[in-house]
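>>> sharing a sequence plus its predicted fold:
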Amino acid sequence: MTVSDPIADMLTRIRNAGERRHQEVRLPSSKMKEAIARILAEEGYIESYEVELGTSFPQLKMVLKYQQLGTRERRLAIEGLRRVSRPARRVYGGADELPNTRGGLGVCVVSTSEGLMTGREARRRNLGGEIVCEIW
C-alpha cells in the first residue's frame, strides 16, 4: 500500500498504538523515520527502536514508553504529536523562527542541512530548516 505522507503515517501509528496501550509499533523503515525514532529515544519519549531486516523490506520497531499513574493505570509518555510541514504545505523557519513547543516542554523536529535534529539543537547551532513535526 502506498502512503502519500509516510511521516504522518508514522505519527498516526504511534498515536493509535498509544491509545490501544500496545507495547511496540512496527512500520516500514526509512532513513527519515529512523532519525525521528532516534530523536524520540534521545528525548525519552520511547524506550528504544531498532531496524529489522528479516522480511522483504526493512521494518522499524519502536518500543513505547509508558508512565505509571496508579496500580493499574498507565499513560503513554507522548501526550501529543502534530505534523507541521506536509507535502501540500511545507513550513520552513530560520534559527530564530523555530517554535518553542509547549513552552519548552515539547520537542520540534527540524530537517536541516546537517540532518534531522531538535529545534533546541538547531537554534544552538544557528541552523534553520523544515519543521517536520512537534512532539509533547
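That came through, no problem.
>>> now residue 65: how far from residue 88?
If you measure residue 65 against residue 88 using CB to CB, to the nearest Å, the figure is 32 Å. Glycine gets a C-beta too; all of them are placed from N, C-alpha and C.
>>> count of neighbours near the nearest residue to residue 77 once chain neighbours are set aside?
Of all residues not flanking residue 77 in the chain, residue 65 sits nearest, at 4.2 Å (CB to CB, 6 or more residues apart in numbering). Neighbour count of residue 65, defined by other CB atoms under 10 Å: 16.
>>> repeat that for the one 4 residues further on.
Counted with other CB under 10 Å, the neighbours of residue 69 add up to 9.
>>> nearest spatial neighbour of it, chain-adjacent residues omitted?
Spatial nearest neighbour of residue 69, excluding adjacent residues (CB to CB, 6+ apart): residue 75 at 5.7 Å.
>>> residue 117 versus the one you found, what's the distance?
Taking CB to CB, one finds residue 75 at 27 Å from residue 117.
>>> the two - which one has more neighbours?
The neighbour comparison of residue 75 against residue 117 (other CB under 10 Å) goes to residue 117, with 23 against 12.
>>> any regions of the protein where pLDDT drops low?
1 (pLDDT under 70).
>>> where exactly do the helices run in it?
6-19, 31-42, 119-124 (DSSP state H).
>>> quick one: closest of those helices to residue 83.
Taking CB to CB, helix 6-19 is the member of the helices of the chain nearest to residue 83, at 4.6 Å.
>>> chain center to that closest one, what's the gap?
Remark: helix 6-19 is offset 9 Å from the chain centroid, using CA atoms, centre = their mean, to the nearest Å.
>>> swap in stretch 100-108?
13 Å.
>>> ditto for stretch 87-101
Here stretch 87-101 is found 16 Å from its chain centre; the criterion is CA atoms, centre = their mean.
>>> which outside residues touch it?
4-5, 84-85, 107-108, 110, 119, 122-123, 125-131, 134-136 (CB atoms under 8 Å, 6 or more residues apart in numbering).
>>> can you rerun that using 10 Å?
If you take CB atoms under 10 Å, 6 or more residues apart in numbering as the criterion, stretch 87-101 is touched by 4-8, 80, 82-85, 106-112, 118-120, 122-136.
>>> many thanks, have a good one.
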